[in-house]
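Q: The sequence and its predicted three-dimensional model are supplied below.
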Amino acid sequence: MENNPIVDVIIPAFNEENSVGNVVNDIPKEIVREVIVINNNSTDKTAINAINAGATVLEEKNMGYGNACLKGMDHVAQKEIKPDIIVFLDADYSDYPEEMIDVIQPIIEQNMDMVIGSRALGNLEKGAMTPQQIFGNWLATFLLKLFYGVKYTDLGPFRAIKYDCLIALGMKDKTYGWTVEMQVKAAKQKMKTCEVPVNYRVRIGFSKVSGTLKGTIGAGYKIITTIFKYL
């Protein structure tokens, strides 16, 4: 990997008008070619605020985290010059986008294939994750170690992956199982992966997943079934 890789960023966003601009603005522009925000059927000013912050905005009407990520990947695939690295980042400003340099560093310096930003290893602000999120992460990473022999501490959405490795994974999940599908498939393909600590703060606005009982149960069910799906 060269010292100045081409990096594109994919940010799924659903009704994040109060935070998406902050996320885009805090991304270190000197290392990023394009910031791609996928407006996932928002009913607020998410799209215009992302555009005003300098992002490319794509529209994806089919709801789902995975659907949004796949839309971003389709956009990148049309580029004449493909990126070296894709970074995935949430639009709610719970992550610190300026830490992107730390997340991609193991790919550049150690030739890692994928890097997960671990909230469990970083500074977790009080209230940033619900108890059910913390337990769900523990259970999912325990199962990943048990069945796939890989050691993770988090399914954190802030992550970086070599573009050719991302394509090789053949990502399919359209909803909550996206992050764990990536980690499961990387394990099955014996990719070189690691974690780096990332800090995590209380998000701006209301979580559509952990903020509701339906969302929490739905996400938990999808994550667990995805782990067993690829055994």
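A: Alright, I've got the coordinates.

Q: what secondary structure does the residue of the chain most remote from its centre sit in?
A: Here the centre of the chain is the reference, and by CA atoms, centre = their mean the most remote residue is residue 80, at 24.0 Å. Three-state call for residue 80 (DSSP: H, G, I helix; E, B strand; the rest coil): coil.

Q: Look up the pLDDT of it for me, please.
A: Confidence at residue 80, expressed as pLDDT, is 98.

Q: all strands of the protein, in order?
A: All strands of the chain, identified by DSSP state E, fall at 7-13, 34-39, 56-59, 85-88, 114-118, 159-162, 193-197.

Q: Quick one: those as CSV, columns for mean pLDDT too.
A: Shown next, in CSV, are the strands of the chain (pLDDT from 0 to 100):
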stretch, mean pLDDT
strand 7-13, 98
strand 34-39, 98
strand 56-59, 98
strand 85-88, 98
strand 114-118, 98
strand 159-162, 98
strand 193-197, 98
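
Q: Mean neighbour count and distance to residue 74 added to the ones you listed, as JSON lines?
A: Heads up, the C-betas are built off the backbone N, CA and C, glycines and all. Shown next, in JSON lines, are the strands of the chain (neighbours: other CB atoms under 10 Å; distance: least, CB to CB, whole Å):
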{"stretch": "strand 7-13", "mean neighbour count": "25", "distance to residue 74": "11"}
{"stretch": "strand 34-39", "mean neighbour count": "25", "distance to residue 74": "10"}
{"stretch": "strand 56-59", "mean neighbour count": "16", "distance to residue 74": "9"}
{"stretch": "strand 85-88", "mean neighbour count": "25", "distance to residue 74": "12"}
{"stretch": "strand 114-118", "mean neighbour count": "25", "distance to residue 74": "20"}
{"stretch": "strand 159-162", "mean neighbour count": "25", "distance to residue 74": "16"}
{"stretch": "strand 193-197", "mean neighbour count": "19", "distance to residue 74": "24"}
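
Q: Can you check which of those gets nearest to residue 206?
A: Of all these, strand 7-13 sits nearest to residue 206, with 13.9 Å by CB to CB.

Q: what does the closest one contact?
A: Identification of contacts with strand 7-13 by CB atoms under 8 Å, 6 or more residues apart in numbering yields 20, 23-24, 27, 31-40, 42, 46, 50, 55, 65, 68-69, 72-73, 76, 83-91, 100, 104, 160.

Q: low pLDDT regions in this protein?
A: Low-confidence segments of the chain (pLDDT under 70): 1-2, 207-213, 215.

Q: quick revisit: distance to residue 140 added to the strands of the chain, as TSV?
A: Rendered in TSV, the data for these read as follows (distance: least, CB to CB, whole Å):
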stretch	distance to residue 140
strand 7-13	19
strand 34-39	24
strand 56-59	29
strand 85-88	17
strand 114-118	12
strand 159-162	15
strand 193-197	14
